[in-house]
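> Build the 3D model from these lines:
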Amino acid sequence: MAIYAYTSCSFSYLNRARVMAQSLRRVHPEWKLWLVMTDKEPPGFQFDLSGAGYDGMLTAEELFGKNAESWLFKHDIVEACTAVKGRALRYLLSRKDCSKVIYFDPDIAVFNPLSEVEDALERYSIVLTPHLLEPEPRENLAAIRDNEIASLLYGTFNLGFLAVSNDNEANRFADWWQARLDDLCYDEPSTGVFVDQSWCNLIPCFFDNVKVLRHPGYNVASWNLSHRFLSFDENGLALVNGLPLRFFHFTKLGSVGDVMTERYARDNTEVYELWWWYKQAVESNTLLGIPPGWWQYGQFDNGDRVPKNARELYRKRLDLEVAFPRPFRTGPGSFHSWLKDNTDLLSGGGSFHGFHPA
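Now for the predicted structure:
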């Protein structure tokens, strides 16, 4: 029996997914690693799955069949790449040799064996990691807003990581999670929904045998650096609050991530060293032939960008989904043509001149 691990991304995040795979292979070479690719190759680019470090791959077309195109059109890139996680989990649990499944976001790097997770899955059906392990001081209102209130808005648990054992309770969870992500995996915090993550606030309420892993070395990220101190021992072992760093979540690579890291890492120089290593690793794993920001489903078939509000309209009106089952197509009788004739969504403020692949 095998432990399966998987991640989900578009080709624009393949560099991160390659780093994640390399880091996981170093500490758990015995695990089977799968990639869920919610995208299509850019023109002229040929994807090498084994070269990326993965044993198998699933696509949205394979997971959703003939309904894939209309389903994808309802989602932006973040929504789509998180929504496929439910069906992918259900698929991996159905494999005859699968004993456990662990999900990692592509922007995670693993540094030491995940022994606590392996041990927990011998006793528990579901393992979650919360965003926070310690409350912020009452006088630090900025940290309360950034971290505690953000957790209230976006989810108690960080779904960049999820681990399940292939037992009855985990399969019951997988059925429920797939249904919610198929139908309601949207970035709508004002309605109480933030992609796949807010749904998982309900896991301890709906399911038994759930383990909340309160180990400071798991899911270390900008949102919890105010209470987690990174150091290296004399042998170079990465430690967090004196315990081994299991994995770091390098969310928001770029200026936003830098600002949040500086705000909460403060003078913990080892955090900046780790970020420097990660940026170098991502750069070295960036392949030629993938345009920056590429996502096949971010555009109509003529190259015009699909506006977010056009997606929202399509998913809220069943009559449009029935009338236009191939919504990415353009030309007479298409949804694109209907939008031009019936709305101003395609020309709002002159912003509809999106990405055109070279």
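
> Please enumerate the strands of the stretch 151-300 of the chain.
Applying DSSP state E, counting those that start in this stretch to the stretch 151-300 of the chain gives strands spanning 161-165, 187-188, 193-194, 210-212, 230-232, 238-240, 243-244, 247-249.

> on contacts alone, who are the packing partners of the fourth one?
For strand 210-212, the helices and strands in contact under the criterion 3 or more C-beta pairs under 8 Å, 6 or more residues apart in numbering; DSSP states H and E are strand 126-128, helix 203-206. Using the backbone N, CA and C atoms, a C-beta is placed for each residue, glycine as well.

> Any stretches of the stretch 51-200 of the chain with poor pLDDT?
Scanning the stretch 51-200 of the chain for pLDDT under 70 picks out nothing.

> on that earlier part again, rebuild the strands of the stretch 151-300 of the chain as JSON lines, extending it with mean neighbour count and distance to residue 278.
Converted to JSON lines, the strands of the stretch 151-300 of the chain look like this (neighbours: other C-beta atoms under 10 Å; distance: least, C-beta to C-beta, whole Å):
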{"stretch": "strand 161-165", "mean neighbour count": "24", "distance to residue 278": "17"}
{"stretch": "strand 187-188", "mean neighbour count": "14", "distance to residue 278": "25"}
{"stretch": "strand 193-194", "mean neighbour count": "19", "distance to residue 278": "25"}
{"stretch": "strand 210-212", "mean neighbour count": "17", "distance to residue 278": "27"}
{"stretch": "strand 230-232", "mean neighbour count": "17", "distance to residue 278": "13"}
{"stretch": "strand 238-240", "mean neighbour count": "20", "distance to residue 278": "12"}
{"stretch": "strand 243-244", "mean neighbour count": "16", "distance to residue 278": "18"}
{"stretch": "strand 247-249", "mean neighbour count": "25", "distance to residue 278": "8"}
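
> Next one: the most centrally placed residue in the chain relative to residue 45, how far apart?
Among the residues of the chain, the one closest to the centroid is residue 105, at 4.5 Å (C-alpha atoms, centre = their mean). Here residue 105 is placed at a distance of 23 Å from residue 45 (C-beta to C-beta, to the nearest Å).

> same deal with residue 117?
From residue 117 to residue 45 the distance is 34 Å (C-beta to C-beta).

> how long is stretch 219-233 from one end to the other?
Start to finish, the residues bounding stretch 219-233 are 20 Å apart (C-alpha to C-alpha, to the nearest Å).

> buried stuff in it?
219-228, 230 (16 or more other C-beta atoms under 10 Å).

> Please apply the same query to stretch 248-265.
248-251, 253, 257, 260-261, 264-265.

> and of the strands of the stretch 151-300 of the chain, who's closest to residue 308?
Distance to residue 308, taken as C-beta to C-beta, is lowest for strand 187-188 among these, at 9.2 Å.

> what pairs with that closest one, and is each one parallel or antiparallel?
Strand pairing for strand 187-188, using DSSP bridges, gives strand 193-194 (antiparallel).
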